[in-house]
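Q: Sequence and predicted structure below; questions after.
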Amino acid sequence: SALAPNADGFALITSQDGEVTAAESLRPSLGGLALKVLWTFLRYLALLLAAMLLVYGFIHLLGRGRTILAKLILSSIPLLAVALVVFGVFSYRAYSAAITQSFQKQVEDEGNLLTALFGTESFDEIEYPYDYTGEAYGYLHQQMSTRPVHTATAYYEHQQLYIGVDFENPCFYPFDVRLDAGARELYLQAAYTGRAQSGVLDDENGRRLVSVTPVGGTSGTAVYLLEAGILTSNLDAYTASYLRTYVVVSLLFLAAIGALLTFLFRRVLTPIRQIRAGLEAFAQGDRTVRLETAVTDEFSGIVRVFNKMAGDIDAQLYSLRRQSETYFRFIPQRMLQLLGKDNLGEVELGSGSGRECPVLCADLEFSADGLSPEREQELTNRFFNLLNRAADRCGATLMTDSVNLHRLRVICPGGAADAVEIALAVLTEVENLNAGLPIKNRLRPLLFIHSTRVYYGICGDENRLVPALLSGDLDDLSGGAAKLRQFGCRLLVTRAAFEELPADHRYVSRFIGYPEGKRRQNYGLYDFYDAAAPEVTRLLTETRPTFDKAMALYLEGRFPEAKNLFALVLRENQYDDAARYYVFRCEQEL
């Protein structure tokens with residue numbers, strides 16, 4: 001027995017008692033078949049997973065943050081490459097089929113040519129295949145050996161195949177010793193049908209395309225068979241050359257198309273770069289940016305929309321700016337900062353905050369009554385402007401405490417020193433303003449500073465929001481402003497605010513007691529007279545020791561001694577209204 005591989009699997013050649021037979025194929029076992037099916041399934045599954053991974057990677061690659069140009073190139077080139085591969089597969093199959101058909105025609109022509117050259121009469125001269133010494137036998141062998149294709153012969157007689165003209169096997173050997181069951185089947189079909197048969201054989205002579213042509217013998221039961229074949233390696237060489245050429249041409253084509261697409265995409269996407277540059281400039285604050293385009297396509301529509309949008313935004317921003325400026329006239333922007341808000345849209349009823357801080361209170365009066373409303377409004381606005389500018393310089397927030405603006409309050413987060421600086425600056429400006437006004441039109445502001453816990457926030461209802469400052473101490477002191485004016489001082493600082501001043505401050509001041517009826521320790525009043533005229537400041541400073549001694553006696557209830565000292569101060573400084581106030585108070589107490 002002999003086991004040999006063939007195109008279908010294996011061929012089993014057996015010889016028993018001189019009788020040679022060949023099994024056409026051996027079937028695999030169920031286990032082997034199951035393994036083959038499993039292996040095929042795994043291969044196709046791996047191919048499917050690889051394709052899915054490629055698609056996912058392709059989509060992920062396009063989805064990443066890249067420019068539109070890169071996305072277009074990354075999407076078009078792979079798709080074009082896939083199209084070329086698919087086209088190449090089909091064209092390769094068509095070309096391979098055409099080459100195979102051409103080679104098949106060639107071997108058929110070679111078989112027919114051999115038959116024509118040798119002739120049926122010459123075959124009749126070969127009575128037995130093993131008689132290879134005759135002239136006809138030698139001529140046939142010479143023609144076969146000089147052909148450009150592979151040739152072989154076989155002899156069919158009494159339903160058996162035998163080796164034909166073959167110097168290597170000159171005897172009357174059975175055909176099956178060629179160890180090729182496929183060849184036997186093809187030769188038998190040619191012998192049975194009497195027509196040339198084509199196919200593919202694979203044996204020790206190589207894999208080849210063959211055409212088996214039957215010719216007559218000495219009797220109707222004997223047939224000579226001529227085989228002409230071309231090795232498939234020749235076909236593979238042709239198809240390999242085609243494949244190499246196709247791959248090179250495809251790569252060059254992809255490179256050229258890639259460069260061309262890059263150029264075209266860049267030209268097409270030029271308006272996008274201009275639009276992007278315009279948007280960036282517009283976003284950075286250049287509201288004059290407008291785009292231009294010389295083409296009429298989708299991008300020109302985007303340009304028109306952008307220009308219209310830019311114009312609308314300019315108009316809206318201008319309107320919003322005007323509205324914000326108007327709103328901030330009613331609710332100061334510093335008030336929003338105190339509330340921790342960024343814009344008016346965040347302000348709502350109940351927004352507020354509480355803290356301990358100094359507050360500067362201003363109470364405005366005029367030197368004489370009978371001013372016209374217009375004149376009173378003008379002077380009130382001028383005083384408000386002076387106080388507001390001074391507050392802005394120190395980062396303080398000015399709020400109104402009355403409808404007629406005669407009572408104002410300034411929240412000073414920077415401390416009592418800022419409040420004093422604001423008050424002194426305002427008093428200096430008022431002195432300059434009064435110098436150019438008639439006596440009846442002059443301003444008589446009373447400023448006092450108190451440090452207490454205040455609540456500032458938004459009050460009112462859903463239809464109207466009003467910024468408000470709430471503090472019991474400030475209401476108490478403001479309600480007694482008329483009595484505070486009896487001291488004749490322009491700037492009063494309570495003890496609570498005085499103790500917050502730096503220890504090394506250089507303000508000139510003196511303690512002048514407590515508000516009438518409100519002898520609370522933190523309500524103790526200090527007269528700051530830095531903004532007074534130089535002569536007045538000098539006299540107040542010189543009489544301060546006597547005034548302090550008189551104040552101490554007054555607080556102890558020793559009114560006669562206190563009255564004498566206050567009278568002494570008044571004789572030395574007739575402008576000291578505080579000393580005059582206490583002379584009258586001592587007389588009332590006595």
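A: In hand now; what should we look at?
Q: Could you identify the helix or strand that succeeds the helix or strand hosting residue 42?
A: Element membership for residue 42, per DSSP states H and E: helix 30-63. Moving toward the C-terminus from helix 30-63, the next helix or strand (DSSP H and E) is helix 68-118.
Q: What's the mean pLDDT across that next one?
A: Mean pLDDT, helix 68-118: 79.
Q: Likewise for stretch 283-303?
A: Average pLDDT, stretch 283-303: 73.
Q: Over to it now: how far is its first residue from its last?
A: Taking C-alpha to C-alpha, to the nearest Å, stretch 283-303 runs 16 Å from one end to the other.
Q: Surely residue 560 touches residue 589?
A: No: in this structure residue 560 lies outside contact range of residue 589 using C-beta atoms under 8 Å: 9.5 Å. Backbone N, C-alpha and C define where each C-beta goes, glycine included.
Q: Compare these two (neighbour count), which wins?
A: residue 589 (13 against 10; other C-beta atoms under 10 Å).
Q: tell me the contacts of the closest residue to that one other than its chain neighbours?
A: Leaving aside its chain neighbours, residue 589 sits nearest to residue 559 (4.5 Å; criterion: C-beta to C-beta, 6 or more residues apart in numbering). In this structure, residue 559 makes contact with 553, 586, 589-590, judged by C-beta atoms under 8 Å, 6 or more residues apart in numbering.
Q: Identify the neighbouring strands of the lengthiest strand in the chain in the sheet and state each direction.
A: Looking across the chain with DSSP state E, the single longest strand is strand 443-460. Strand 443-460 has the following sheet partners, assigned by DSSP bridges: strand 352-366 (antiparallel), strand 465-470 (antiparallel), strand 491-494 (parallel).
Q: In CSV, list those along with mean neighbour count.
A: Shown next, in CSV, are the strands paired with strand 443-460 (neighbours: other C-beta atoms under 10 Å):
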stretch, mean neighbour count
strand 352-366, 19
strand 465-470, 17
strand 491-494, 26
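Q: Relative to residue 384, which of those strands is closest?
A: strand 352-366 (8.8 Å; C-beta to C-beta).
Q: from the middle of its chain, how far away would the closest one be?
A: Offset of strand 352-366 from its chain centre (C-alpha atoms, centre = their mean, to the nearest Å): 49 Å.
Q: same question, stretch 355-372
A: The answer for stretch 355-372 is 57 Å, by C-alpha atoms, centre = their mean.
Q: average pLDDT across it?
A: If you average the pLDDT over stretch 355-372, you get 83.
Q: Kindly format the C-alpha coordinates of it as CSV.
A: In CSV, the C-alpha atoms belonging to stretch 355-372 read as follows (Å, rounded to 0.1, in the frame of the first residue of the first chain):
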residue,chain,number,x,y,z
ARG,A,355,-21.1,92.5,59.1
GLU,A,356,-19.4,94.7,61.6
CYS,A,357,-18.0,97.8,59.9
PRO,A,358,-17.8,101.6,60.2
VAL,A,359,-20.5,103.7,58.6
LEU,A,360,-20.2,107.3,57.7
CYS,A,361,-23.6,109.2,58.1
ALA,A,362,-24.1,112.6,56.5
ASP,A,363,-27.0,114.9,57.5
LEU,A,364,-27.3,117.9,55.3
GLU,A,365,-28.8,121.3,56.1
PHE,A,366,-28.7,124.7,54.5
SER,A,367,-27.7,128.0,56.2
ALA,A,368,-31.1,129.5,55.6
ASP,A,369,-34.7,128.5,54.7
GLY,A,370,-36.7,129.7,51.8
LEU,A,371,-34.5,128.2,49.0
SER,A,372,-36.3,127.4,45.8
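Q: how does the protein divide into domains?
A: 2-236, 333-532 (automatic domain parsing).
Q: Quick one: closest of these to residue 270.
A: Closest to residue 270 of the domains of the chain, according to C-beta to C-beta: domain 2-236, at 10.4 Å.
Q: where along the stretch 301-450 of the chain do the helices fall?
A: Using DSSP state H, counting those that start in this stretch, the helices of the stretch 301-450 of the chain run over residues 333-339, 373-393, 416-435.
Q: which other residues reach the last one?
A: So that's helix 416-435. For helix 416-435, using C-beta under 8 Å, 6+ apart, the contacting residues are 358-360, 362, 382-383, 386-387, 390-391, 393-396, 410, 412, 442-443, 445, 447, 449, 451, 490-491, 493, 497-498, 500-502, 505, 507, 528, 530-531, 533.
Q: one more time with 7 Å, if that's ok
A: Contacts to helix 416-435, defined as C-beta atoms under 7 Å, 6 or more residues apart in numbering, come from residues 358, 360, 382, 386-387, 390-391, 394, 396, 410, 412, 442-443, 445, 447, 449, 451, 490-491, 493, 497, 500-502, 505, 507, 528, 530-531.
Q: Give the buried residues for stretch 496-511.
A: Going by neighbour count (16 or more other C-beta atoms under 10 Å), the buried part of stretch 496-511 is 496-498, 500-501, 507, 509-511.
Q: Quote the end-to-end distance of that stretch.
A: Start-to-end span of stretch 496-511 (C-alpha to C-alpha) is 13 Å.
Q: who's in contact with stretch 305-315?
A: The contact list for stretch 305-315, computed with C-beta under 7 Å, 6+ apart, reads 275, 278, 282, 287, 289-291.
Q: Check which residues of that stretch are buried.
A: For stretch 305-315, the neighbour count (16+ other C-beta under 10 Å) marks 306-307, 310 as buried.
Q: same check, this time on stretch 187-197
A: Within stretch 187-197, the residues that count as buried by 16+ other C-beta under 10 Å are 187-188, 190-191, 196-197.
Q: Which ones among the residues you listed lie within helices?
A: Judged by DSSP state H, helices contain the following of these: 187-188, 190-191.
Q: Show me the two of those that sit farthest apart.
A: Across these, no pair lies farther apart than 188 and 190, at 7.3 Å, counting by C-beta to C-beta.
Q: quick revisit: of the strands paired with strand 443-460, which is nearest residue 479?
A: That would be strand 352-366 among the strands paired with strand 443-460, by C-beta to C-beta, at 10.5 Å.
Q: which residues touch residue 401?
A: Contacts of residue 401 by C-beta under 7 Å, 6+ apart are 407-409, 478.
Q: Which pair of these spans the longest distance?
A: Among the contacts of residue 401, 408 and 478 lie farthest apart (C-beta to C-beta), at 10.3 Å.
Q: Pick out whichever of those two has more residues nearby.
A: Shown here are residue 408 and residue 478; by other C-beta under 10 Å, residue 408 has more neighbours (23 against 19).
Q: So that one sits against residue 387, correct?
A: Yes: when contacts are counted by C-beta atoms under 7 Å, residue 408 is listed as touching residue 387 (6.0 Å).
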